[in-house]
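Chemist: Sequence and predicted structure, then a few things I'm wondering about:
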Amino acid sequence: MAVIQFIYNLLWGDLITIPLPGGSTLGLSLLVLLLIPAGIFCTVRTRFLPIRLFPEMCRVAREKSVDPEKNSKVSGLEALIVSTATRVGMGNLVGVVAAVSAGGAGAVFWMWLTALIGSSTAFVEATLAQLYKEEDPLYGGYRGGPAYYIHKMFAGKKRKSVIAILFALSGLLCWCGISQVIGNSVASAFDNAFHVPPIASAVLLCLLSAVIVFRKNITVKALDIIVPVMAGFYIFLTVFVIINNFTQLPAVFSRIFREAFGLRQAVAGGFGAVLMNGVKRGLFSNEAGSGSAPCAAAAADVDHPVKSGLLQALGVFIDTIVICSCTAFVMLLVPEEVVAGLGGMDLLQAAMRYHFGQAGVIFIAITLWLFSFSTFIGVLFYARSNVAYVFGDSWKSQNVYKIIALINLFIGCMAAYTFVWDLGDVGIGLMTIFNMLALIPMSKEAIASLRDYEQRFMKR
């Protein structure tokens, strides 16, 4: 536990502290120092792709699979839905609440900016995953991800790469930790909203998950139904809140931009908290650069690698600009005296109660359940390629990992172990470091592929 805590502090703790006017400080963690420059680098190299090619992202999202007759293959849109299932999770609820609680309304602006540059990183890693994908002999279709393009860079034709193995193991470690966090969040939400005993939540959640993950090709079909429904309903209710409070929108946007640049916080010595809470929570939420989403991007059946990259860049936009903003507006369109002194889920529940009465608290519990459940199903889809890289093509190893994840899900429903939560954060931090070792040097291949795509598909 001491070792895990040390690694956690090294990855997520303030590595560099910069003094700011007004007595504030700006703490930069190792991962922020990696991901923000990487995002800026990818944004410049792709010539501001998230803005320049946004219409093309939306067009590609409407395309069908290259080979729809083969059920084992995943379309580009289906791969986007799988990655959205894991991105649109607790980070969109708990993460945004934490950012606004600690950093104020201005943190929302920095989440938006982080998403903008994160889209470019997501494009590069997803395109690389497509370039180095391979056929999946167990599930059919394709598989890949950072472990496979890291292997190409560091091992070439050798059987295994140590860096790729470390990435894959970090991912498997992270997703087991996430399983416990998911279980605990769901059980707590249902206990608070409906007084459902944790054991009942544990049994139901594990049984439903097992039915899906142990069937060969039902994961994507299940997420195809769950994700659009849950995201669509959440956005619909948020739009209702916005329309109902339309006259307050100018004041909310004014508050976001005013506090983002610390006009009030700089004097109070809190600008560093505003900036870093928005940046860190944005990075947590959209996962760009961590190497998770490329595991889904590699499975996409597209006729050009860049199409998968564009879809994953769109996924970051959906996650942070759309879904995270939904949560932020629900909270910011509440009189400050209603939520004064509140933080975390208490703040969000109070905001929902203000807008919808007691039904709002119930809605948040159900939403958290759906977000968390889809995240669990999605990360087990990610795990397929990493398990295969480390342990080979074996149903035994695939099923053993699923059983371990389900056990962690069950344990998480029964009790909260902060050690395991730190384990998940350590896992995703290590994934990011190993991914970056290959992503930046190999980015030129993704850029070359982008140029080829623009010449072939966009200059007609």
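Modeler: Sure thing, it's come through.

Chemist: For the helix or strand where Val32 lies, list every residue counted as buried.
Modeler: Taking DSSP states H and E as the definition, one finds Val32 inside helix 30-45. By neighbour count on 16 or more other CB atoms under 10 Å, the buried set for helix 30-45 is Leu30, Leu31, Val32, Leu34, Leu35, Ile36, Ala38, Gly39, Phe41, Cys42, Thr43, Arg45. C-beta coordinates here come from the backbone N, C-alpha and C atoms, glycine included.

Chemist: can you put these in a markdown table and add distance to Val203 and pLDDT?
Modeler: Converted to a markdown table, the buried residues of helix 30-45 look like this (distance: CB to CB, whole Å; pLDDT from 0 to 100):
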| residue | distance to Val203 | pLDDT |
| --- | --- | --- |
| Leu30 | 40 | 85 |
| Leu31 | 36 | 83 |
| Val32 | 40 | 82 |
| Leu34 | 41 | 87 |
| Leu35 | 38 | 86 |
| Ile36 | 43 | 87 |
| Ala38 | 42 | 92 |
| Gly39 | 42 | 91 |
| Phe41 | 47 | 94 |
| Cys42 | 44 | 94 |
| Thr43 | 46 | 94 |
| Arg45 | 49 | 94 |
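
Chemist: and which of those is nearest to Glu78?
Modeler: Comparing the buried residues of helix 30-45 against Glu78 with CB to CB places Cys42 closest, at 24.8 Å.

Chemist: Tell me where this structure has strands.
Modeler: Assigned by DSSP state E, the chain shows strands spanning 14-19, 25-29, 134-135, 142-143.

Chemist: Would you mind saying which of those strands lies nearest Met1?
Modeler: strand 25-29 (20.5 Å).

Chemist: Would you mind pulling up the elements that the helix holding Val32 packs against?
Modeler: helix 2-12, strand 14-19, helix 106-131, helix 271-286, helix 418-457 (3 or more CB pairs under 8 Å, 6 or more residues apart in numbering; DSSP states H and E).

Chemist: between it and helix 2-12, how many degrees?
Modeler: Comparing the axes of helix 30-45 and helix 2-12 via axes from the mean of the first three to the mean of the last three CA atoms, to 10 degrees yields an angle of 40 degrees.

Chemist: Outside of helix 30-45 itself, list whatever touches it.
Modeler: Helix 30-45 is contacted from outside by 10-12, 15-16, 49-50, 114, 116-121, 123-124, 276, 279-280, 283, 288-289, 429, 432-433, 436, 439-440, 443, 447, using CB atoms under 8 Å, 6 or more residues apart in numbering.

Chemist: Buried among those residues? Need that as a selection in ChimeraX.
Modeler: Those of those that count as buried under 16+ other CB under 10 Å are selected in ChimeraX with:
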select :11,12,49,50,114,116,117,118,119,120,121,123,124,276,279,280,283,288,289,429,432,433,436,439,440,443,447
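
Chemist: burial measure for the closest residue to Ala388 other than its chain neighbours, as a count.
Modeler: Spatial nearest neighbour of Ala388, chain neighbours left out: Arg143 (6.5 Å); criterion: CB to CB, 6 or more residues apart in numbering. Arg143 has 24 neighbours, counted by other CB atoms under 10 Å.

Chemist: With the one 5 residues further on instead?
Modeler: Residue neighbour count, defined by other CB under 10 Å, stands at 26 for Tyr148.

Chemist: Skipping its backbone neighbours, what lies nearest it in space?
Modeler: Nearest residue to Tyr148 in three dimensions, chain neighbours excluded: Tyr132, at 4.8 Å (CB to CB, 6+ apart).

Chemist: How many residues are close by the one you found?
Modeler: Per other CB under 10 Å, the neighbour tally for Tyr132 reads 23.

Chemist: Need the pLDDT of it.
Modeler: Model confidence at Tyr132, given as pLDDT, is 94.

Chemist: Also Val74?
Modeler: At Val74, pLDDT is 78.

Chemist: ok, now Gly315?
Modeler: pLDDT at Gly315 comes out at 89.

Chemist: Over to the one 4 residues further on?
Modeler: On pLDDT, Asp319 comes in at 81.

Chemist: That one touches Ala85, doesn't it?
Modeler: No. Using CB atoms under 8 Å, Asp319 is not in contact with Ala85; the gap is 10.5 Å.

Chemist: mind checking which helix or strand of this protein has the lowest mean pLDDT?
Modeler: Within the chain, no helix or strand scores below helix 265-268, which has a mean of 46 by mean pLDDT, DSSP states H and E.

Chemist: Nice, that's everything, thank you.
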